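Trainee: Sequence first, then the predicted structure, then my questions.
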Amino acid sequence: MKLVRYGKPGQEKPGLIDAEGKLRDLSGVVADIGPNTLDDKTLNKLAKLKTQNLPLVKGKQRLGCPVSHVTQFIAIGLNYVDHAKEAGMPIPKEPVVFLKANSSIQGPDDDVMLPKGSKKGDWEVELGIVIGKKASYVSQKDALDYVAGYCVVNDVSEREYQLERGGTWDKGKGCETFGPVGPWLVTPEEVGDVQALGLWLDVNGEPMQRGNTSNMIFDCATLVSYVSQFMCLLPGDIITTGTPPGVGMAKTPPRFLREGDVVTLGIDGLGQQRHRVIAWDAKRSSEAEQERAPHRWRLAPPLRQPQQ
């Protein structure tokens with residue numbers, strides 16, 4: 001099952017992609033795709049819906065992040081051997097964990113805005129894990145039982161902020177627009193083997209990253225279990241699981257994002273993203289935040305009774 005949220009920023013409606021690839025509206029069934037709709041019982045009810053009876057959404061629609069009310073946007077660093085080597089960093093003995101700001105979250109095809117004064121913007125295609133129920137101190141064996149689905153994430157980064165300004169990586173990871181998520185939240189039964197998915201990313205049509213989740217140092221079950229030892233994971237939380245080799249800072253010479261670049265990326269079975277890179281614009285930043293804020297911070301809406 002492929003779940004989506006569509007519409008203007010802050011006004012997204014719930015939907016799903018049917019077997020023919022068409023967008024169907026779920027507004028009459030659930031108020032949103034978020035913490036209240038990611039439990040096994042609700043997802044099973046949604047999976048049993050007769051999609052042909054759901055309203056067909058016509059025309060091209062903007063897609064937002066496929067899950068609302070994200071409490072924690074957690075990231076894993078250096079989770080592919082080749083990426084650790086290209087970054088000149090030691091292969092970690094335990095997962096490297098940091099946080100991306102929730103205010104960085106946006107839709108899969110929204111513009112990526114370089115922060116004020118940015119000179120080293122970079123890209124990272126990653127597999128995202130969406131948590132479906134509260135997880136604390138879970139075992140590796142049971143970890144995937146807490147997963148509602150998977151998605152594409154671009155862990156956009158500013159390498160100067162991340163590596164040259166002291167402190168933790170968070171500085172270069174949480175800038176506004178640096179967390180494109182989606183297009184879909186794909187439930188586990190449709191994904192199949194999550195450790196056998198191809199990842200790719202191009203800049204202006206030029207291949208940059210090619211990888212496979214089979215090459216992760218720490219697999220998805222290990223990551224969910226590990227992170228749950230240090231923080232309580234909540235429904236709707238996203239864990240983005242690290243990137244394969246091919247990032248801009250590792251190129252010879254380094255290649256960083258510039259205004260006008262077009263970044264395209266995707267993961268097998270999880271869809272694709274496309275971003276236009278734009279320069280810092282204070283007015284645009286303020287307007288975008290005003291659109292997103294009412295949606296981001298309001299309480300999660302109540303669950304509606306799914307219709308058959």
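Mentor: On my side now, so go ahead.

Trainee: Please count neighbours and contacts with C-alpha atoms only from this point.
Mentor: Noted.

Trainee: What separation is there between Pro207 and Lys251?
Mentor: Pro207 is 12 Å from Lys251, where distance means CA to CA, to the nearest Å.

Trainee: Please tell me how far Val203 sits from Asp261.
Mentor: Distance from Val203 to Asp261, by CA to CA: 7 Å.

Trainee: who has more neighbours, the two?
Mentor: Between Val203 and Asp261, counted using other CA atoms under 10 Å, Val203 has the larger neighbour count: 19 against 16.

Trainee: who's the more buried one bridged to?
Mentor: Assessed by DSSP bridges, Val203 has beta-bridge partners Glu206, Val263.

Trainee: who are the neighbours in contact with it?
Mentor: Taking CA atoms under 8 Å, 6 or more residues apart in numbering, we find Val203 in contact with 261-264.

Trainee: Would you agree Gln273 is in contact with Thr264?
Mentor: Yes. At 5.6 Å, Gln273 counts as touching Thr264 under the criterion of CA atoms under 8 Å.

Trainee: Find the helix or strand that Val277 is a member of.
Mentor: strand 271-278 (DSSP states H and E).

Trainee: strand partners of that strand, parallel vs antiparallel please.
Mentor: strand 112-113 (parallel), strand 262-267 (antiparallel).

Trainee: Helices of the stretch 201-308 of the chain, residue ranges please.
Mentor: Along the stretch 201-308 of the chain, counting by DSSP state H, counting those that start in this stretch, helices occupy 220-228, 282-297.

Trainee: picking that back up, what's the offset of the strand holding Val277 from the middle of its chain?
Mentor: In terms of CA atoms, centre = their mean, to the nearest Å, the centre of strand 271-278 is set 13 Å apart from its chain centre.

Trainee: Mean confidence (pLDDT) on that strand, please.
Mentor: Mean per-residue pLDDT for strand 271-278: 98.

Trainee: residues touching the closest residue to Arg5 other than its chain neighbours, list them.
Mentor: Using CA to CA, 6 or more residues apart in numbering and skipping residues adjacent in sequence, the residue nearest Arg5 is Pro14, 4.6 Å away. The contact partners of Pro14, by CA under 8 Å, 6+ apart, come to 3-6, 25-27, 30-33.

Trainee: pLDDT below threshold where in the chain?
Mentor: Where the chain drops to pLDDT under 70, the residues are 286-308.

Trainee: Please repeat the previous calculation with a cut-off of 90.
Mentor: Scanning the chain for pLDDT under 90 picks out 81-91, 163, 166-169, 281-308.

Trainee: So what's the gap between the helix or strand hosting Tyr161 and the chain middle?
Mentor: Applying DSSP H and E as the criterion places Tyr161 in helix 159-163. A distance of 21 Å separates the centroid of the chain from that of helix 159-163, by CA atoms, centre = their mean.

Trainee: Other residues contacting that helix?
Mentor: Under CA under 8 Å, 6+ apart, the answer for helix 159-163 is 119-122, 168-173, 249.

Trainee: now stretch 217-226
Mentor: By CA under 8 Å, 6+ apart, stretch 217-226 touches 79-81, 95, 129, 137-144, 194-195, 213, 239, 241.

Trainee: what about the strands in the stretch 101-250 of the chain?
Mentor: 105-106, 112-113, 121-122, 125-131, 147-154, 157-158, 179-180, 185-186, 198-203, 206-212, 238-240 (DSSP state E, counting those that start in this stretch).
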